[in-house]
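S.K.: pasting the structure only:
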């Protein structure tokens with residue numbers, strides 16, 4: 001038995017480990033969901049140039065936007081929307097682990113929470129390129145002709161997010177189907 005394969009010959013010990021692990025994951029997800037927006041806002045306030053660089057916007061002609069702080073704030077708000085969707089998904093995923101920690105491994109509510117997380121990942125993957133494009137537009141639209149930018153970015157991380165979201169969606173579907181079959185079997189006995 002190891003952390004990779006925590007199943008033992010003792011089903012009760014395995015269940016206790018699962019409950020404990022789910023409880024820890026729940027709190028980690030909730031802590032991350034609370035910390036991420038605060039950390040992003042703090043970093044954006046203290047180091048906007050670094051944020052622009054990390055967002056792939058280094059080298060943009062943003063002098064006008066820097067002179068008009070509302071443009072920076074607007075670009076920030078547009079840019080964080082995909083991340084907030086994932087934060088909501090993390091809260092929903094924490095709900096799944098809360099259910100598991102209570103011993104409800106195959107609950108309908110847990111499957112819905114996993115489905116919601118999967119949908120959040122998929123929505124984030126769709127919103128991220130749009131938010132990036134809109135942020136660049138907000139930052140450069142007031143520039144004179146020739147310095148306005150339209151940037152469309154789609155990376156391998158966006159494709160990976162779609163695939164991960166689809167995998168979690170399939171797992172949620174399997175959980176719901178497993179629950180339905182278990183309920184049908186319980187009626188036969």
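M.R.: Sure thing, it's come through. Since we're looking at a predicted model, the values are computed, not measured. Numbers count the residues shown, from 1 in each chain.
S.K.: any idea how far residue 25 is from residue 104?
M.R.: Computed as C-beta to C-beta, to the nearest Å, the residue 104 to residue 25 distance reads 15 Å. No exception for glycine: its C-beta is placed from N, CA and C like everyone else's.
S.K.: Settle it for me: which of these two has more neighbours?
M.R.: residue 25 (17 against 14; other C-beta atoms under 10 Å).
S.K.: From the contact counts, what lies against the host helix or strand of the more buried one?
M.R.: According to DSSP states H and E, residue 25 maps onto helix 11-46. Counting by 3 or more C-beta pairs under 8 Å, 6 or more residues apart in numbering; DSSP states H and E, the packing neighbours recorded for helix 11-46 are helix 48-54, helix 69-101.
S.K.: SS state for residue 105?
M.R.: Here residue 105 is recorded as coil under DSSP: H, G, I helix; E, B strand; the rest coil.
S.K.: right, and it touches residue 14 too?
M.R.: No: between residue 105 and residue 14 there is no contact under C-beta atoms under 8 Å: 11.2 Å.
S.K.: Lowest mean pLDDT across the helices and strands packed on helix 11-46, which one is that?
M.R.: Ranked by mean pLDDT, the helices and strands packed on helix 11-46 bottom out at helix 48-54, with a mean of 71.
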